[in-house]
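Enquirer: Got a predicted model here, sequence first, then my questions.
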Amino acid sequence: MKAEILLPLPVPGTYTYLIPPDMEEEAVFGKRVEVQFGRKKLYTGLIVGIESGTGDQLKMIRDILDDEPVIREIHYRFWKWMAEYYCSFLGDVMNAALPAPLKIDSETVLQLNVDHDYDEMDLEDDAFLISDALSIQNELTWGDIQEILQKKSINKNVNELIDAGMVDVKEKALRKNTHETVKTLMWAAEYRDNQKAVMEQVSRSKKQTRAVLAFTTLRREKKPPISRYEVMTKSDTDHATIRALIKKGILLETKIKKNFLGELIFRKGMLPPLVDFQKKALAEMEQAFESTPVVLLEGVTGSGKTRLYLEWIRRVKEAGQQILFMIPEIALTTHIIHRLEAIFESDVIVYHSRVSEKSRMEAYHSVRFGAPLVIGTRSALLLPFQNLGLIIVDEEHDRSYKQLNPAPRYHGRDSAVYLALLSDARVILGSATPSLESLVNVQEGKYGHVMMKERFGLMEMPEIQIVDMRQVQMSEEQAEIGFSPQLLQAIHQMLDAGRQVMVFQNRRGFAPVFLCDHCGHVVQCDSCDVSMTYHKFSEKLQCHYCRKEKPVPKECPSCHFWSMKMYGMGTEKLEEHLQSLLPDATIDRMDYDTASGRKRLERILTRFSNNETQILVGTQMIAKGLDFENVGLVVVPRADQLFSFPDFRSAENALQMLRQVSGRSGRKKEKGQVLIQTYNPDHPVIQSLMSGDDRGFYQQELEERKVFRFAPYYRMVKVTFRNKNRKKNTQVAYELYHYLQASFGDRVSVPVEPLVSYINHYYLLDVFVKLHRNRKEGTFFRKRLNHFIREVKSRPGFSNFRMIVNVDPI
Ligand code: ADP
Ligand code: ZN
């Protein structure tokens, strides 16, 4: 017998291996195997086909790693579709789908010893650095650790860490399914019903008391398992505390079989009844689902889309099916999880690229065993659902649903629709500002459409005011800061009224350019063709493309005058200016720099929602989904930045962004205000925003897209050429252009430089192709492209030549 084995590598197709006779019974579709590939490397592969026969040249499968398959046929079909549609390798999809522990390719696995007491060891200063660095990943190889140590300039080698007990060496057996048991904390028998005795035992330690109380609460709130992490997080204690409690014989830590099918129970009274217009929308959705599995729920911000999602979650849950709740960005998870956890009694599984590999692994298996509700970003689509009934795609218009790197470069919303089709599930696409893609699908009758135009609680939509910056008289200095007197007055009034303000600035850092006043020289990144951004906090210039940093030059590198000045405005500088203008106000900032870690993000959000912060300055991170009661004013000092990008979607995106951020204003108490400063008050985006009705704008946009043959009427493909050798890059790009022209005529663009065409020492060129939206053309295009790529790579000196294919680029 032979097996087709898929490897998690960017190679075309699958590989055939022989099944050893004694493994024939065990070898079934979807189990992982260990195989040798290439000269000596061992890989974890996946059985995706079995046939009879033998072959002399074939290698043997070395081992079968699973007792039960990790995927089923339906998942594989989804993978195949994704690889095909997005022109990537199946191995890339496998790589994206399986958590790292399921595809480890080295013999030894190392793990940070979580039980180790770091302060006791002689590594001292480095200990925290190391544990911090290593804790990002649960399972590491020797090479991984070495790399981390080097990167962090920690002068230790892996052996020293093992000797010090900081890192555990685990056996290969880890690759077998060890996940069906989990550790949980329990009361020791004699303390089980004796809270008083427990408290006496711990009364002398504040930390232990906190941990015990947290554990008691968790016991009340949820079923086991209760991990030490949960207790530690809830009580703000550490491993030492838990260990002490175990040592005292108060708590036990044991392995139990995980009950993956956690019951999803609604807490009583947590789902307030729907109001009339929501009931009407619900009925319309029911009706729409009669004829199509996909419904676009278009509801203004604050109309209660989330409330309707919950209604559907309840129904699908009652039918015993699984639900996937998709959100565009990790930044939003905290907020929505808190909301969902308040409503459900069981665990909600959270899945995104930043959860630890261990959690990913647990989530993977929980979903495989039928866990009812997953909240996640696009990658959650690749979880092995058994019985999927509903996918909710919240903020369906959001660009973050598109994967940029690495391959597969898939779109979360569109892939969700396909997965639902395969699984016989339903999809709700929700947005206040739908994508033109979805609107066209509605117009073509493919998706149902339900609208909610009212806000819950008869809350009025915020009043939008425009400040025409052409009319504002300001000194040069004021102009640079860019706050008109109207804007400052509006902020003052709002703060005096005890309400909060959000300031939206779509650019982080302090000042976008550092420029010489004398000769005009702008400090550029050495590796990219972009100017560097000054970050005051770090006192460095940073390239936002390759993240390289440079010290701030005192004199101009070109004319050597001491005449360097900052121009332009980022969030950081804006925050500082605001603070100097409003010395008594408490201001906070939320952007990639301040909120990169989950903890910091949560802290910013908590402070704001507790009214400890009066003004929140932020990038698009603050535009999405946040539901704060007391925000009375949203200001956008530089709206023009949003629609002046050279991109055919920039108007659409600008409108979406402005509506989203406006929607943060006046959600609960009183009517909110929005103040937008612009030099282009007649721009269609601003006009549409003011009128409150986007239909006209959409229609106009759609007509233009049709005329210029853009998405959504055409399926666009971008082929990016990326090479350090400019000549070689240009030559091959033009070859592709001519080659495709023969088949697609003027729907192929000549190679064009992207906005930033030199990044990290690589030259970039794009070739765009506009395809008709049918399967046949897609297949034809793929064939031509693959043929071309194969031909180029077969040339001497071109085997590593890079062409990055991006289908439906954003
Ligand atoms: P959207 O997702 O459309 O922006 P939400 O679902 O977040 O709207 O609802 C806006 C606010 O109104 C939330 O604070 C929500 O709790 C509240 N809300 C919505 N519908 C109801 C309802 N039927 N009963 C009570 N509160 C509601
Ligand atoms: Zn750079």
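Expert: Happy to help now that I have it. Numbering: from 1, shown residues only. Ligands and ions are numbered 1, 2, ... in the order given.
Enquirer: Let's verify Arg210: helix, strand, or coil?
Expert: helix (DSSP: H, G, I helix; E, B strand; the rest coil).
Enquirer: Pull the contacting residues for the residue of the stretch 51-200 of the chain found nearest ligand 1.
Expert: The stretch 51-200 of the chain approaches ligand 1 most closely through Phe78 (28.2 Å), counting by Cβ to the nearest ligand atom. Yep, even glycine has a C-beta here, placed from its N, CA and C like the rest. Applying Cβ atoms under 8 Å, 6 or more residues apart in numbering, we find Phe78 in contact with Leu381, Leu382, Tyr418, Leu419, Leu422.
Enquirer: ok, and which of those residues reach ligand 1?
Expert: Cross-checking the contacts of Phe78 against ligand 1 (Cβ under 6 Å from any ligand atom) gives no overlapping residues.
Enquirer: Emit the PyMOL select command for whichever of the residues you listed are buried.
Expert: Per 16 or more other Cβ atoms under 10 Å, the buried members of the contacts of Phe78 correspond to this PyMOL selection:
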select buried, resi 381+382+418+419
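Enquirer: quick one: buried residues of the helix or strand hosting the residue of the stretch 51-200 of the chain closest to ligand 1?
Expert: Element membership for Phe78, per DSSP states H and E: helix 73-85. Across helix 73-85, burial judged by 16+ other Cβ under 10 Å covers Ile74, His75, Tyr76, Phe78, Trp79, Trp81, Met82, Ala83, Glu84, Tyr85.
Enquirer: would you list every one of the strands in the stretch 301-450 of the chain?
Expert: 322-326, 349-351, 373-376, 388-394, 426-431, 448-452 (DSSP state E, counting those that start in this stretch).
Enquirer: Save these as TSV, and put in mean neighbour count and distance to Pro809 too.
Expert: Below are the strands of the stretch 301-450 of the chain laid out as TSV (neighbours: other Cβ atoms under 10 Å; distance: least, Cβ to Cβ, whole Å):
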stretch	mean neighbour count	distance to Pro809
strand 322-326	26	20
strand 349-351	23	25
strand 373-376	23	23
strand 388-394	26	19
strand 426-431	25	20
strand 448-452	20	26
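Enquirer: rank those by pLDDT, which is bottom?
Expert: Among those, strand 349-351 carries the lowest mean pLDDT, at a mean of 88.
Enquirer: Give the other helices and strands that that one contacts.
Expert: Packed against strand 349-351, as judged by 3 or more Cβ pairs under 8 Å, 6 or more residues apart in numbering; DSSP states H and E, are the following elements: helix 357-368, strand 373-376.
Enquirer: in the stretch 151-300 of the chain, which ranges drop under the pLDDT threshold?
Expert: 157-159, 162-165, 168-182, 223-224, 255-269 (pLDDT under 70).
Enquirer: Measure how buried the residue of it found nearest ligand 2 is and give me the count.
Expert: As assessed by Cβ to the ion, ligand 2 sits closest to Lys151 within the stretch 151-300 of the chain, at 18.3 Å. Around Lys151 there are 9 other residues, counting by other Cβ atoms under 10 Å.
Enquirer: give me phi/psi at it?
Expert: phi -60, psi -40 (degrees, to the nearest 10).
Enquirer: Which residues are in contact with the residue most central in space within the chain?
Expert: Among the residues of the chain, the one closest to the centroid is Glu329, at 4.1 Å (Cα atoms, centre = their mean). In this structure, Glu329 makes contact with Thr377, Asp398, Ser400, Met621, Lys624, judged by Cβ under 8 Å, 6+ apart.
Enquirer: The first one - nearest residue in space that isn't next to it in sequence?
Expert: Using Cβ to Cβ, 6 or more residues apart in numbering and skipping the chain neighbours, the partner closest in space to Thr377 is His352 (4.2 Å).
Enquirer: Among the helices and strands packed on strand 349-351, which comes closest to ligand 1?
Expert: Between these, strand 373-376 lies closest to ligand 1; by Cβ to the nearest ligand atom that is 14.4 Å.
Enquirer: Who does the closest one pair with, and is each partner parallel or antiparallel?
Expert: strand 322-326 (parallel), strand 349-351 (parallel) (DSSP bridges).
Enquirer: can these go into JSON lines with extra columns for distance to ligand 1?
Expert: Below are the strands paired with strand 373-376 laid out as JSON lines (distance: least, Cβ to the nearest ligand atom, whole Å):
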{"stretch": "strand 322-326", "distance to ligand 1": "12"}
{"stretch": "strand 349-351", "distance to ligand 1": "19"}
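Enquirer: For Ala733, which of those strands is the nearest?
Expert: strand 322-326 (35.3 Å; Cβ to Cβ).
Enquirer: Report the angle between the closest one and helix 357-368.
Expert: 140 degrees (axes from the mean of the first three to the mean of the last three Cα atoms, to 10 degrees).
Enquirer: Now strand 322-326 - C-alpha only, CSV.
Expert: The C-alpha trace of strand 322-326 is given here as CSV (Å, rounded to 0.1, in the frame of the first residue of the first chain):
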residue,chain,number,x,y,z
GLN,A,322,-20.6,25.0,16.1
ILE,A,323,-20.3,28.7,15.7
LEU,A,324,-17.3,30.7,14.5
PHE,A,325,-17.4,34.4,15.4
MET,A,326,-14.8,36.2,13.3
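Enquirer: Tell me the spacing between Lys548 and Cys525.
Expert: 6 Å (Cβ to Cβ, to the nearest Å).
Enquirer: Likewise for Gln731?
Expert: 26 Å.
Enquirer: Looking at these two, which has the bigger crowd around it?
Expert: The neighbour comparison of Gln731 against Cys525 (other Cβ under 10 Å) goes to Cys525, with 24 against 13.
Enquirer: Pretty sure Leu785 sits in a strand.
Expert: No: going by three-state DSSP, the assignment for Leu785 is helix, not a strand.
Enquirer: Tell me the pLDDT of Leu616.
Expert: On the pLDDT scale, Leu616 is placed at 95.
Enquirer: For it, list the residues it contacts.
Expert: Gln500, Val501, Met502, Val503, Ile587, Asp588, Arg589, Met590, Ile604, Phe608, Ile622.
Enquirer: strand partners of the helix or strand harbouring it, parallel vs antiparallel please.
Expert: For Leu616, the element it lies in under DSSP H and E is strand 615-618. Neighbouring strands of strand 615-618 in its sheet, by DSSP bridges, are strand 500-504 (parallel), strand 587-590 (parallel).
Enquirer: Which positions in the longest one come out as buried?
Expert: Neighbour counts using 16+ other Cβ under 10 Å place Gln500, Val501, Met502, Val503, Phe504 of strand 500-504 among the buried residues.
Enquirer: and what of stretch 799-810?
Expert: In stretch 799-810, counting by 16+ other Cβ under 10 Å, buried: Phe801, Met803, Ile804, Val805, Asn806, Val807, Asp808, Pro809, Ile810.
Enquirer: mind putting these in JSON lines, secondary structure and pLDDT included?
Expert: Below are those laid out as JSON lines (DSSP: H, G, I helix; E, B strand; the rest coil; pLDDT from 0 to 100):
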{"residue": "Phe801", "secondary structure": "coil", "pLDDT": "89"}
{"residue": "Met803", "secondary structure": "strand", "pLDDT": "92"}
{"residue": "Ile804", "secondary structure": "strand", "pLDDT": "93"}
{"residue": "Val805", "secondary structure": "strand", "pLDDT": "95"}
{"residue": "Asn806", "secondary structure": "strand", "pLDDT": "95"}
{"residue": "Val807", "secondary structure": "strand", "pLDDT": "95"}
{"residue": "Asp808", "secondary structure": "coil", "pLDDT": "94"}
{"residue": "Pro809", "secondary structure": "coil", "pLDDT": "92"}
{"residue": "Ile810", "secondary structure": "coil", "pLDDT": "86"}
